[in-house]
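*Asks:* 3D, please:
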Amino acid sequence: MATSPVAEVSLSSATIRRNADLENRLAELEVELAVWKQAHATAIEGADREAKALKGRLASLNSQVASMETFMSQSLLVLCVIDGDACIFNDLLLRQGHEGGRQAAQQLTRAVADYLTNEDVHVLGRLSFWVTIYFNKAILASVLERHNLCSPEQLDAFIMGFSQSSPRFVLVDVGYGKDATFTKITEYLQTYLRFPQTQRIFFAGGQENTYASTIAALQNDGLLGKVAFLEACRASPNYAQKHRLPILTVDTLFINQRLSPPLRTPPPLNMNGLSPTLTSGGLPTPHSPPSMSASATGRLVDPTLVNSPPPCNEFYLMSCTKGGACKYSHDYILTPDQLATLAANAKKAPCNFLKNGLQCPYGERCCWGHVCPNGPKCFHLSKGKCWFKGGSCQNVR
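*Replies:* Sure thing, here's the model as predicted:
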C-alpha cells in the first residue's frame, strides 16, 4: 500500500522535532554533567584543604602533648620566702646552734608537707621545695644579743645548720640599707608567682603591715591565688586575713613577738677633711686615720670613733664586687647626710675606667667622678697631668 505524500511530510516533521528535542535534552544533560563535575572537583579540593588543616592541628596537638610531657618531667616548685628581720626563729632553736638550724629546717619542711597533704594538692610532676630567707645579719645578731636570745656565734652556727640541711635552703644577708629586705622579697614574689612551675609560695612577712602595698599589687595582678601565709600564730589580724588568704600556722618555729632593733642611733660619722686616695686597683676611696675595725662577729662599729678601715664607697654608693676580700669596711650604718658626704668626696676622685681611657659601663650610676671638679682652671690640666681624661676638664664651664 503506497504512503501518501502528506503522511510522509508529517512523519518527517515529527522526526525532525524529535531529534531537536533529543539534542536539546543532550545539551541540558551535558551542562548538568559539567556542573556536577565542577561541584565534585570543588568538594575534592575542600576535602584536601580540610585534610591538610586537620594534619596541621594534629601536629600542633602532638607538639603540645610533647611540651606537657616535658613540663611533667620537670620539678614543680613549692617555695617559701621569709623576712628574717621580722620573723625570728625560736630562741630555743637558736641557742642550739647548728643542731637548732637543722631542727628548724625539718620543722618547716614537715609543716609545709602536712599543709599540702591536707590541702589535697594534686600535681602531675614532682615537687621541689625551696626556702629563701632574707635578713640583715649584723642587725639581727645585735638584736638577738641585746634581748639575750642567743650569741652571735650561736646565730652563725644556726644559719650554717639551716643552710646545710638542704641544697635548696638559702639564707641571704642583704646588708645595710633601708628596705633592703622588703625590696628583695617584693621582687621575689613578683617574679616567682608568674612562673607556671610555681605551685605555691609560703610567705612569712611578720605580723605588721610592712608588705600591705606588695600584697595589694599582687592582688591587682591576679597573682595571690598561689600565696599562703606562714605565721607564728593567729593572735592579731593582718593582711592575710584581710585578703582571705590561706594561713599556715607554725607555733614553735618563730617567736611570737616583734623585737625592736638597737635603740642607739649612730652620731654623725666624722668625714671632714677626707681626701681621696688610690687603692691598689686604681680606684680611689676616702682616707681616714686608723682606729677600731669591725669585729669578726659582725657587730656594729661605733661611729663615734675615728674609723679604720674607712667605709667602702662602692658598697654604700653602688655595689662592691670584692666581697670579703675588700679591705674597706662594709659594717658602718651611715645616715643620709653621711652618705651624701661620702658621695661628694667620691666624685672628687676619677673613675678608674675614665682614668684608663675607657668608657664607664655604669654611666651616671657610677659613684666616682667623671668630670674634674676644678674645671678648666685645674692646675694639673695645665701640666697635662689631670686624672680626668677625655676632655672632662675642658668641658666644665
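*Asks:* list the neighbours of stretch 193-205 that are in contact with it.
*Replies:* With CB atoms under 8 Å, 6 or more residues apart in numbering as the test, stretch 193-205 has contacts from 71, 74-83, 86-87, 112, 115-116, 121, 123, 127, 185, 189, 192, 211, 218, 223, 226-231, 248, 254. In this view, the C-beta of every residue, glycine as well, is placed from N, C-alpha and C.
*Asks:* could you flag which of those residues are buried?
*Replies:* 76-83, 86-87, 112, 115-116, 185, 189, 192, 211, 218, 223, 226-231, 248, 254 (16 or more other CB atoms under 10 Å).
*Asks:* what about stretch 347-355, start to end distance?
*Replies:* 13 Å (CA to CA, to the nearest Å).
*Asks:* quick one: it to chain centroid distance?
*Replies:* Distance of stretch 347-355 from its chain centroid, counting by CA atoms, centre = their mean, to the nearest Å, is 32 Å.
*Asks:* cool, stretch 15-26 as well?
*Replies:* Distance, centroid of stretch 15-26 to centroid of chain: 88 Å (CA atoms, centre = their mean).
*Asks:* circling back to that earlier point, now, the contacts of stretch 193-205 that are in strands?
*Replies:* Counted as lying in strands by DSSP state E, out of the contacts of stretch 193-205, are 75-83, 127, 227-231, 248.
*Asks:* ok, the residues you listed vs Gln338, which is closest?
*Replies:* Gln338 lies nearest to Asp83 out of the ones in strands among the contacts of stretch 193-205, by CB to CB, at 26.3 Å.
*Asks:* which one is the closest one nearest to, not counting chain neighbours?
*Replies:* Gly205 (4.9 Å; CB to CB, 6 or more residues apart in numbering).
*Asks:* follow-up on the earlier one: which two among the ones in strands among the contacts of stretch 193-205 are spaced furthest apart?
*Replies:* Ser75 and Glu231, at 26.7 Å, using CB to CB across the ones in strands among the contacts of stretch 193-205.
*Asks:* Phe254 is in contact with Asp91, isn't it?
*Replies:* No - the criterion here is CB atoms under 8 Å, and Phe254 misses it with Asp91 at 10.2 Å.
*Asks:* where do the strands sit along the stretch 251-397 of the chain?
*Replies:* 276-278, 284-286 (DSSP state E, counting those that start in this stretch).
*Asks:* for the record, mean pLDDT for the last one?
*Replies:* It stands for strand 284-286. The average pLDDT within strand 284-286 is 38.
*Asks:* then the first one?
*Replies:* Along strand 276-278, the predicted confidence averages to a pLDDT of 40.
*Asks:* which intervals of the stretch 151-300 of the chain have sub-threshold pLDDT?
*Replies:* 178, 207-208, 232-243, 258, 260-300 (pLDDT under 70).
*Asks:* likewise for the stretch 1-150 of the chain?
*Replies:* 1-9, 67-74, 120-125.
*Asks:* which residues in it form helices?
*Replies:* 5-73, 91-94, 98-119, 137-146 (DSSP state H, counting those that start in this stretch).
*Asks:* what about His98, neighbour count?
*Replies:* 17 (other CB atoms under 10 Å).
*Asks:* check the secondary structure at the closest residue to it other than its chain neighbours for me.
*Replies:* Of all residues not flanking His98 in the chain, Gly161 sits nearest, at 3.7 Å (CB to CB, 6+ apart). Under DSSP: H, G, I helix; E, B strand; the rest coil, Gly161 falls in the helix class.
*Asks:* you'd agree Gly161 is up against Leu93?
*Replies:* No - Gly161 lies out of contact with Leu93 (CB under 8 Å); the separation is 9.3 Å.
*Asks:* that'll do, ta.
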